[in-house]
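**Q** below are the sequence and a predicted model; questions follow.
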Amino acid sequence: MDLAWSGFAVLLFAAVICLCEGAWLWWSGKHGSGARRVALRLRLMSGRSDTAGARISILKERRYADTPALERLLQRVPRIAALDRLLLQAGLRWQVARFLALQGLALLAAWLLPAMLRLPGAAAAVLGALCCAAPLAMLLRARAARIRRVEAQLPEMADFLARALRAGHSFANVLQMAGDEVADPLGGEFRATYEEINYGVTMHDALHHLAGRVPLTDLRYLVIAVLIQRESGGNLAELLDNVSRMTRARLQLQAQVRVLSAEGRMSAWILTLMPLVMLAGMHLTNPAYNAVLWQDPAGQRLLWYGAGAIALGALWMRTIVRVRA
């Protein structure tokens with residue numbers, strides 16, 4: 001009986017593993033990144049532009065919410081366009097209403113979690129602040145990561161544009177080729193720029209929209225070089241080569257700076273997190289040892305002083321190790 005039950009359990013476990021593996025293979029084959037790339041390539045080869053058309057409609061008709069009443073309400077909120085621009089620059093397909101709903105959930109968690117965990121005042125304030133700042137921090141992190149990917153692709157894009165111009169293509173055709181051949185996210189931005197031009201937007205405005213969607217100084221240099229060349233003439237391929245060379249040199253300098261400052265950045269992380277980790281460890285192993293810090297008013301003041309000192313030290317070390325290249 002025990003042998004039969006053991007065999008049944010082993011076979012059931014293997015069946016569940018095979019079922020999960022089969023579901024994963026089906027999902028990755030239908031909806032994975034590889035399947036999306038193949039579908040996009042097939043649409044481009046067949047002359048269809050469904051994806052690109054959807055992209056340009058999003059750029060030209062961005063809405064803050066699906067509901068008309070909520071859309072009108074959000075349009076009256078000051079500075080709401082700045083939040084929408086952040087979502088666009090982060091590459092998220094979210095609407096402002098969805099992000100505000102997430103922020104509302106974060107505020108609710110900031111109110112409920114300290115009460116559920118029965119935290120003292122200082123810890124409750126810190127946890128509430130972290131919950132409130134989490135959605136915006138995630139948005140800014142996604143935006144910074146996307147800008148770094150665009151920055152890494154920019155020298156290759158400038159070289160591609162220069163080679164295509166030397167081959168005799170017009171600049172509009174070069175934009176189309178760049179959008180089709182260069183990987184996202186930068187390829188998608190150039191594809192959107194080309195289709196804006198196809199929809200009747202002037203080259204000047206479309207390039208300014210590109211610079212607005214990607215807040216990168218080197219990309220603005222490329223846009224300015226193109227606009228100046230269109231007004232005054234000159235060798236645009238040579239200008240793009242200069243932009244590519246300047247961007248590569250700056251990226252190389254940034255990499256060298258990061259290598260030289262790696263030890264300082266690691267020291268900053270260790271010195272910032274070590275007091276928090278030690279306090280959490282003591283609280284878990286011997287809660288009565290540091291209970292005076294939570295219960296006594298003098299201990300609570302010491303905690304606030306310590307948190308302020310840690311924050312000040314973290315800002316100071318960040319200023320020291322952060323070198324703008």
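**A** Received, thanks. Numbers count the residues shown, from 1 in each chain.
**Q** residue nearest the middle of the protein, spatially speaking?
**A** What sits nearest the mean C-alpha location of the chain, by CA atoms, centre = their mean, is Ala142, with 1.6 Å.
**Q** quick one: residues contacting that one.
**A** 90-92 (CB atoms under 8 Å, 6 or more residues apart in numbering). (C-beta placed from N, C-alpha, C; glycine too.)
**Q** quick one: buried residues of the helix or strand hosting Glu238?
**A** Here Glu238, judged by DSSP states H and E, is contained in helix 236-260. Buried residues in helix 236-260, counted by 16 or more other CB atoms under 10 Å: 236-237, 239-241, 243-244, 247-248, 251.
**Q** what's the answer for stretch 281-290, then?
**A** By 16+ other CB under 10 Å, the buried positions in stretch 281-290 come out as His283.
**Q** distance from it to the middle of the chain?
**A** The chain centre lies 38 Å from the centre of stretch 281-290; the measure is CA atoms, centre = their mean, to the nearest Å.
**Q** what of stretch 212-222?
**A** 16 Å.
**Q** who touches that stretch?
**A** Under CB under 8 Å, 6+ apart, the answer for stretch 212-222 is 59, 85, 88-89, 147, 150-151, 154, 158, 186, 189, 192, 210-211, 240, 243, 246-247, 250.
**Q** repeat that for 10 Å
**A** Stretch 212-222 has contacts (CB atoms under 10 Å, 6 or more residues apart in numbering) with 59, 85-86, 88-89, 91, 143, 146-148, 150-151, 154-155, 157-158, 161, 185-186, 188-189, 192-193, 207-208, 210-211, 223, 239-240, 242-244, 246-248, 250-251.
**Q** likewise stretch 106-115?
**A** 116, 119-121, 123-136, 138.
**Q** 8 Å instead?
**A** Contacts of stretch 106-115 from elsewhere in the structure, counted by CB under 8 Å, 6+ apart, are 123-124, 127-129, 131-132, 134-135.
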